[in-house]
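J.: Let's see this in three dimensions:
(4 chains)
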There are 2 protein chains.
Amino acid sequence: MDTTQLLKGVLDAAVLAVVNHEDGYGYDVVRRLRQAGLENVADASVYGTLRRLFAAGALTNYVVPSDEGPHRKYYGITDHGKEILATQREEWHQFAATLTHVLTHEGASS
Amino acid sequence: MDTTQLLKGVLDAAVLAVVNHEDGYGYDVVRRLRQAGLENVADASVYGTLRRLFAAGALTNYVVPSDEGPHRKYYGITDHGKEILATQREEWHQFAATLTHVLTHEGASS
DNA sequence: TCATAGTACTGTGCAATGTGTGGTAGTGTG
DNA sequence: CACACTACCACACATTGCACAGTACTATGA
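T.: Residues are numbered from 1 along each chain as shown, chains lettered A, B, ... in the order given. Now for the predicted structure:
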């Protein structure tokens, strides 16, 4: 299945949640998201989201050299990012409940 | 809050669910969606979605004149539409569970 | 009669955002 | 030296919800 459209608007929250759990660099965040069940998320989407969130002041950024490959660009969450995450989490729960209701009840066979 | 992005990809399912419940015309579908909790859904979005779903063979279409205003363009769901609805509903439940998990567990304060 | 409001639908262009593709680079392995 | 894995980036693109503007019908009230 193609979850591309479903990701719209929630990838921000997902990335924030993962980074909030523990600082991470792009390649790693992608892996963690996939392990968590978002198996088809594209790396370009995550890198783009990280940059966007950083530009919005939701993330900090620091580079760490690696012995096993190229340097890693780590991201950490800021207080502002935590606020955004909290807001988006609530929005999600509210929205998910509403939509599940619509699909379950309004969607019942007539 | 702005749920615009969250609607991406699920408005199809929501509209199908509403029409599956009972045939409806655009203006009415908008009202029903809003009553169901999607309060900010724009009418242009719904009309566009109805046209898209009709073009995809998910809906039938018939015009009924009205005494209280302009004619009404009713939409009914087709078998193909019901299949799409069933698929999208499953996709939604799967996706919602995954994302809720990500936001709840991965999002826990470190 | 004319203004206004509610109903009902359409078209156009825009904004947001995830993705595909391709490219750059570093490290290690056969 | 070819190849794979790691790690990141830029760009053009597709999808889709929305704002805005416009058309048109009915009813109400000044």
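J.: Can you list the buried residues in the longest helix seen in chain A?
T.: Longest helix in chain A, counting residues (DSSP state H): helix A:79-101. Residues A:81, A:84-85, A:88-89, A:91-92, A:95-96, A:98-99 are the ones in helix A:79-101 that count as buried (16 or more other Cβ atoms under 10 Å in any protein chain shown). The C-beta positions use only the backbone N, C-alpha and C, and glycine is treated the same way.
J.: among these, which are within reach of DNA strand D?
T.: Of the residues in the buried residues of helix A:79-101, proximity to DNA strand D by Cβ under 7 Å from any atom of the strand holds for none.
J.: of those residues, closest to residue B:75?
T.: The shortest gap between residue B:75 and any of the buried residues of helix A:79-101 belongs to residue A:99, at 20.0 Å (Cβ to Cβ).
J.: Check residue A:54 and give its pLDDT.
T.: pLDDT, residue A:54: 98.
J.: In this structure it contacts residue A:74, no?
T.: No. In this structure, residue A:54 is not within contact of residue A:74 by Cβ atoms under 8 Å, at 11.0 Å.
J.: hey, what's in contact with both of the two?
T.: Common neighbours of residue A:54 and residue A:74 (criterion: Cβ atoms under 8 Å, 6 or more residues apart in numbering or on different chains): residue A:61.
J.: circling back to that earlier point, among the buried residues of helix A:79-101, find me the one that's closest to residue A:45.
T.: Nearest to residue A:45 among these: residue A:88, at 16.5 Å, using Cβ to Cβ.
J.: which residues touch that closest one?
T.: The contact partners of residue A:88, by Cβ under 8 Å, 6+ apart, come to A:10, A:12-13, A:16, B:103.
J.: ok, 7 Å please
T.: Shown in contact with residue A:88 (Cβ atoms under 7 Å, 6 or more residues apart in numbering or on different chains): A:12-13.
J.: The longest helix of chain A to helix B:79-101, inter-axis angle?
T.: 140 degrees (axes from the mean of the first three to the mean of the last three Cα atoms, to 10 degrees).
J.: Just checking helix A:79-101 against DNA strand C, any contact.
T.: No. Helix A:79-101 lies out of reach of DNA strand C by Cβ under 7 Å from any atom of the strand, never closer than 10.3 Å.
J.: Phi, psi for residue A:61 please.
T.: phi -150, psi 130 (degrees, to the nearest 10).
J.: how near is it to DNA strand D?
T.: 9 Å (Cβ to the nearest atom of the strand, to the nearest Å).
J.: can you check residue A:84 too?
T.: Using Cβ to the nearest atom of the strand, we find residue A:84 at a distance of 20 Å from DNA strand D.
J.: what sits against the nearest residue to that residue once chain neighbours are set aside?
T.: Nearest residue to residue A:84 in three dimensions, chain neighbours excluded: residue A:58, at 5.4 Å (Cβ to Cβ, 6 or more residues apart in numbering or on different chains). When contacts are counted by Cβ under 7 Å, 6+ apart, residue A:58 touches A:16, A:77-78, A:80-81, A:84.
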